[in-house]
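1. sequence plus predicted model, see below.
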Amino acid sequence: MIGKLKGLVDSVGEEEAVIDVNGVGYLVSAGSRTLGRLEPGKPVALHIETHVREDQFKLFAFLSDSERAWFVRLQSVQGVGAKHALAMLDTIEVGEIESSAILGDASTFERAKGVGKKLAQRIATELKDKAPPLGRTLGAGVSGLAAALAPAGADA
């Protein structure tokens with residue numbers, strides 16, 4: 001699976017972008033907030049969530065691993081697919097999603113395009129008792145963690 005792409009932004013469309021990684025153009029789907037920060041010709045590193053279906057192979061791109069982790073967590077709620085999850089991440093900052101999940105605040109989720117009152121309530125209820133997703137990276141990073149755990153005087 002593809003977990004990260006590092007390359008140049010080739011082009012940006014309304015719902016997707018092409019990222020050139022050593023001459024191979026990867027078509028990635030992303031929310032408007034992410035796409036708005038991509039500039040053709042500029043380098044970028046994107047966190048990727050890969051969806052493999054019977055009839056398609058789709059890459060979803062995020063500027064941070066926490067956004068990618070919330071994208072996955074939101075889809076764990078029945079009735080929430082990729083489109084709803086992207087809409088929520090476009091409308092609501094990750095920190096606010098986390099706070100709203102902890103508090104069970106459905107009104108925050110309702111602000112996203114296509115998320116009605118019933119679905120927002122289901123999201124708030126199902127996420128209320130779950131810890132926030134950690135993502136693939138640790139806060140200090142693997143090298144920082146290794147250095148912190150190394151015996152005194154040892155090279156990390």
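-> Good, I have the coordinates.

2. show me what whichever strand or helix holds Ala69 is packed up against.
-> For Ala69, the host element (DSSP states H and E) is helix 65-75. In terms of contacts (3 or more Cβ pairs under 8 Å, 6 or more residues apart in numbering; DSSP states H and E), helix 65-75 is packed against strand 43-52, strand 57-62, helix 82-91, helix 94-103, helix 117-127. From N, CA and C alone the C-beta is placed, and that goes for glycine too.

3. at 7 Å instead, please
-> strand 43-52, strand 57-62, helix 82-91, helix 94-103 (3 or more Cβ pairs under 7 Å, 6 or more residues apart in numbering; DSSP states H and E).

4. so how far is Glu14 from Arg33?
-> Applying Cβ to Cβ, to the nearest Å, the value for Arg33 to Glu14 is 13 Å.

5. who has more neighbours, those two?
-> Neighbour count, other Cβ atoms under 10 Å: between Arg33 and Glu14, Arg33 has more, with 15 against 7.

6. who's in contact with the nearest residue to that one once chain neighbours are set aside?
-> If the residues on either side of it in the chain are set aside, Arg33 comes closest to Asp90, at 5.0 Å by Cβ to Cβ, 6 or more residues apart in numbering. Shown in contact with Asp90 (Cβ atoms under 7 Å, 6 or more residues apart in numbering): Gly31, Ser32, Arg33.

7. next, format the helices and strands packed on helix 65-75 as TSV and append distance to Gly3.
-> Formatted as TSV, the helices and strands packed on helix 65-75 follow (distance: least, Cβ to Cβ, whole Å):
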stretch	distance to Gly3
strand 43-52	6
strand 57-62	10
helix 82-91	17
helix 94-103	18
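
8. between those, which gets nearest to Val115?
-> helix 82-91 (5.9 Å; Cβ to Cβ).
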